[in-house]
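A.B. asks: sequence and predicted model, in that order:
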Amino acid sequence: MDYSDFLPDLNKAAERYREKVQVLLKYCVTCQPYDGGDYVWIHGEKTTVDEIMDSVNCPEKYRDDIAEYLHCPNCGSSSIERYGTVGTEDRYRIAEEERYNRILKQYADKIEGFRKHIEDYPSLALDHPMGRKIYKEVVQRRAESVTVIPSKWSRARVVDRHDVFDSKDLHAPGIGLSSGGRFHHPGQSVLYIADSEKLAMVETLDNPNDSKLIWIQSYSQTDSINDILDLRHDWDNIGQSNSDVMYALLVSRCIFEKVLDRNSKWRPQYFITAFIADCARKAGFKGIIYSSSRESYGYNLVLFDAYEPSIVPDGLPKIYIYEPITKNVYDPDDPTGVF
């Protein structure tokens, strides 16, 4: 017999309350990390199943039976008891989701309009209301900055000739040599570095799905760098919590658009970001830290002073073999697939 055969029957009213309780139940004790035998509650707002039932006005006569049906959607545990400790959704996450929806609704059309405007008139960003809003937020320092503490950084370049590179070859191109990038115009000299070797390699490749030989230069940051505009965006770290305009740019993902053809001279995906960089320079920011458009993890840092004294190369560059991560696809006709 199956476990479900022993569960009590729920009538339609009880089933409706079960659904309400189950929707609110997000975590359980098993989801939490343990320290010396005791769990440390970090996931969700700590409560009990019975308190959740109180919140949905579940009648007493249904509660014991409903508890038999509950499970943890995070870890899958079915060991949920009526008076047991569980977790509901984090209040911060709920508030963040509400803000996300509100701001995206308010600014989505405006950002799209600005995107089209600046694509038609790249040098006339301030001729659009959204461009003026961005300018005001950044130049008047409403956009948030961070101090980047001493860290390890990396920079990469594809091996495309037989020359043996030194640290100068891996550094930023001089004035007049760059074709332009996400946060600088053609000819400007800025330093892009990544927070890991893997991210540096992925960022420098035209196609991250191809294997390549890559030069990697490692750097040590010897001192903190302040006045860095924070344009990071993931659910655990959204860089702009005070400025709705900058937050809207982050959650719309318009500043993280991928350039499909890096060899093309036409890169409208960089127009908004280059404008933001211009505003940041005028406001006195020293650079921008931002989320990768190539990977779901890690951050890049662009420094407007390509020769920032606190960024020091660690010895000479080294050559690495970059291999893309391949996902194994199960083939039912391949008997070796189970080994």
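C.D. replies: Arrived safely.
A.B. asks: buried residues in the lengthiest helix in the chain?
C.D. replies: Under DSSP state H, the helix in the chain containing the largest number of residues is helix 91-120. Buried residues in helix 91-120, counted by 16 or more other C-beta atoms under 10 Å: Y100, I103, Y107, K110, I111, F114, R115, H117, I118. Where C-beta positions appear, they are placed from N, C-alpha and C, glycine not excepted.
A.B. asks: list just the nearest of those to V251.
C.D. replies: Distance to V251, by C-beta to C-beta, is smallest for Y100 among the buried residues of helix 91-120, at 5.6 Å.
A.B. asks: quick one: name whatever helix or strand follows the helix or strand bottoming out on mean pLDDT in the chain.
C.D. replies: Here the helix or strand of the chain ranked lowest by mean pLDDT, DSSP states H and E is strand 237-238, holding a mean of 61. As assigned by DSSP states H and E, the chain's next helix or strand after strand 237-238 is helix 244-251.
A.B. asks: next, the angle helix 91-120 makes with the helix or strand following that following helix.
C.D. replies: Sequence-wise, the next helix or strand beyond helix 244-251 is helix 271-283, with elements assigned using DSSP H and E. On the basis of axes from the mean of the first three to the mean of the last three C-alpha atoms, to 10 degrees, helix 271-283 is oriented at 100 degrees to helix 91-120.
A.B. asks: next, the angle helix 244-251 makes with helix 271-283.
C.D. replies: Helix 271-283 and helix 244-251 are oriented at 140 degrees to each other (the same axes, to 10 degrees).
A.B. asks: give me the low-pLDDT residue ranges for the stretch 151-300 of the chain?
C.D. replies: Along the stretch 151-300 of the chain, segments meeting pLDDT under 70 span 234-240.
A.B. asks: the residue nearest to S179 when sequence neighbours are not counted in helix, strand or coil?
C.D. replies: Closest residue to S179 apart from its sequence neighbours, by C-beta to C-beta, 6 or more residues apart in numbering: P186 at 5.6 Å. On the three-state scheme (DSSP: H, G, I helix; E, B strand; the rest coil), P186 is labelled coil.
A.B. asks: who touches the helix or strand that the longest helix of the chain is followed by?
C.D. replies: Per DSSP H and E, helix 91-120 leads on to helix 129-139 as the next helix or strand towards the C-terminus. Helix 129-139 is contacted from outside by 107, 110-111, 113-114, 117-118, 125-126, 142-143, 229, 243, 245-246, 249, 275-276, 279-280, 282-283, 285, using C-beta atoms under 8 Å, 6 or more residues apart in numbering.
A.B. asks: rerun at 7 Å
C.D. replies: 110-111, 113-114, 125-126, 143, 243, 245-246, 275-276, 279-280, 282-283 (C-beta atoms under 7 Å, 6 or more residues apart in numbering).
A.B. asks: which of the residues you listed sits closest to I311?
C.D. replies: Of the contacts of helix 129-139, the one sitting nearest to I311 (C-beta to C-beta) turns out to be A280, at 18.1 Å.
A.B. asks: for the nearest residue to the closest one once chain neighbours are set aside, helix, strand, or coil?
C.D. replies: Spatial nearest neighbour of A280, excluding adjacent residues (C-beta to C-beta, 6+ apart): L229 at 4.8 Å. Secondary structure, three-state DSSP: L229 is strand.
A.B. asks: so L229 touches D278, yeah?
C.D. replies: No - the pair L229 / D278 is not scored as a contact, 11.7 Å apart, by C-beta atoms under 7 Å.
A.B. asks: buried ones in stretch 132-152, by neighbour count?
C.D. replies: In stretch 132-152, counting by 16+ other C-beta under 10 Å, buried: K133, I134, Y135, E137, V138, V139, A143, E144, S145, V148.
A.B. asks: over to stretch 148-167?
C.D. replies: V148, W153, S154, R155, A156, R157, F165, S167.
A.B. asks: just the ones in strands from the residues you listed, please.
C.D. replies: Assignment to strands by DSSP state E places the following of those there: V148, W153, S154, R155, A156, R157.
A.B. asks: using CSV, lay out these together with distance to S218.
C.D. replies: What follows is these, written out as CSV (distance: C-beta to C-beta, whole Å):
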residue, distance to S218
V148, 16
W153, 7
S154, 6
R155, 8
A156, 10
R157, 13
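A.B. asks: out of the residues you listed, which is nearest to Y17?
C.D. replies: V148 (50.6 Å).
A.B. asks: next one: the nearest residue to the closest one once chain neighbours are set aside from D195, what distance?
C.D. replies: The spatially closest residue to V148, leaving aside those adjacent along the chain, is I225, at 4.8 Å (C-beta to C-beta, 6+ apart). Using C-beta to C-beta, to the nearest Å, I225 is found at 13 Å from D195.
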